[in-house]
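# with the input below, show me the fold.
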Amino acid sequence: MKRKVTKAIFPVAGLGTRFLPATKSIPKEIMTLVDRPLIQYAIDEARAAGIKEFIFVTSRGKGALEDYFDHAHELEATLKKSGKDDLLETLRTTNMESGAIAYIRQHRALGLGHAVWCARRLIGNEPFAVILPDDVIAADKPCLQQMVEAHAEVGGNMVAAMEVAPDKASSYGVLDIREDMGAMVSVKGMVEKPKAAEAPSNLAVIGRYILTPKVLQNLNRMKSGAGGEIQLTDAIAEEIAKSGNVYGYRFRGQRFDCGSKAGFLQATVAFGLARDELRDEFQRFLFSMTAVQKAAE
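Reported below is the predicted structural model:
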């Protein structure tokens with residue numbers, strides 16, 4: 001019997017240096033995409049996939065992230081008194097019940113694999129998800145929900161995958177495909193940040209994973225890999241050799257790299273245009289900006 005995926009790890013210990021000076025005083029995960037912080041998109045996606053326990057791997061200076069999920073009693077009382085029920089309901093979606101959320105400190109920046117390993121005692125002996133909030137995915141059915149449904153059929157380890165241009169392969173972990181089954185591929189190898197000429201495919205791993213506890217056992221023995229960090233990719237690749245149960249899943253949706261300024265701006269435009277109450281005014285503005293730019297040329 002395959003066990004349901006009910007726990008998710010959110011690695012949020014990074015310093016967000018690409019967004020300085022904004023991240024001097026606030027965690028990158030609290031930066032807003034339209035009117036919701038990045039972390040809220042990740043939480044909403046996890047909830048839609050049936051996740052019940054949320055584990056944040058944090059570091060010093062992330063207090064605002066913890067406060068975000070707490071109840072703001074004074075603010076809620078003010079909204080209630082003012083009859084602003086719609087805002088009150090919006091605020092309630094950001095609250096997390098006592099015991100549903102846990103915070104683990106990653107005291108040294110040793111990479112994604114190390115961050116996941118830090119949460120090992122809270123995972124125990126069951127499958128779990130990993131969500132990287134920097135990767136925001138616009139999809140009719142949330143990406144992790146797609147993966148959980150596919151995982152129920154095959155079990156094992158699963159990584160979200162998307163096709164990338166060959167010259168972008170060096171920025172990702174890339175899959176070496178054993179069998180292509182359409183939405184899903186079975187994997188015979190994974191290469192972390194290969195040179196373009198050495199990439200085994202154009203199918204890159206992005207920030208959604210469903211993993212078995214054996215990956216945590218592999219991380220126990222891991223030494224530093226690419227970039228001098230403990231790579232999660234290496235621990236997953238070990239399961240290919242041992243169990244042959246690693247799959248890539250071509251999710252349906254558009255991924256935005258909100259760990260980069262350009263990606264964050266692109267996501268802002270896409271999510272802004274997707275909002276009924278913003279679309280018309282925002283679209284007119286974008287058209288006018290484009291017209292001004294063309295005229296200048």
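# now do the buried residues in stretch 84-98.
Neighbour-count burial for stretch 84-98 flags 88, 94 (criterion: 16 or more other C-beta atoms under 10 Å). Every residue, glycine included, has its C-beta placed from N, CA and C.
# now do that stretch: distance to the chain's middle.
Here the centre of stretch 84-98 is set off from its chain's centre by 23 Å, with C-alpha atoms, centre = their mean, to the nearest Å.
# what's the mean pLDDT across stretch 9-25?
Here stretch 9-25 scores 85 as its mean pLDDT.
# which residue ranges of the stretch 51-200 of the chain form helices?
Shown for the stretch 51-200 of the chain, the helices assigned by DSSP state H, counting those that start in this stretch span residues 63-68, 73-81, 85-92, 112-118, 120-123, 143-154.
# please work out which of those is packed deepest.
helix 112-118 (a mean of 24; mean count of other C-beta atoms under 10 Å).
# and that one, how far out from the chain middle?
With C-alpha atoms, centre = their mean as the basis, helix 112-118 stands 14 Å off its chain's centre.
# and if you look at stretch 241-250?
20 Å.
# phi first, then psi, for the residue sitting nearest the centre point of the chain.
Geometric centre of the chain, nearest residue: Leu132, 2.5 Å, by C-alpha atoms, centre = their mean. According to degrees, to the nearest 10, the main-chain angles of Leu132 amount to phi -100, psi 110.
# would you confirm that it contacts Gly173?
No: the pair Leu132 / Gly173 is not scored as a contact, 11.9 Å apart, by C-beta atoms under 8 Å.
# kindly check the end-to-end length of stretch 16-33 for me.
End-to-end distance for stretch 16-33: 15 Å, by C-alpha to C-alpha, to the nearest Å.
# try stretch 162-173
For stretch 162-173, the end-to-end distance is 11 Å (C-alpha to C-alpha).
# return the set of buried residues in that stretch.
Under the neighbour-count criterion of 16+ other C-beta under 10 Å, stretch 162-173 has 162, 164, 169, 172-173 buried.
# number of residues surrounding Leu20?
For Leu20, the neighbour count with other C-beta atoms under 10 Å is 10.
# OK, contacts around it?
Listed by C-beta atoms under 8 Å, 6 or more residues apart in numbering, Leu20 has no contact partners.
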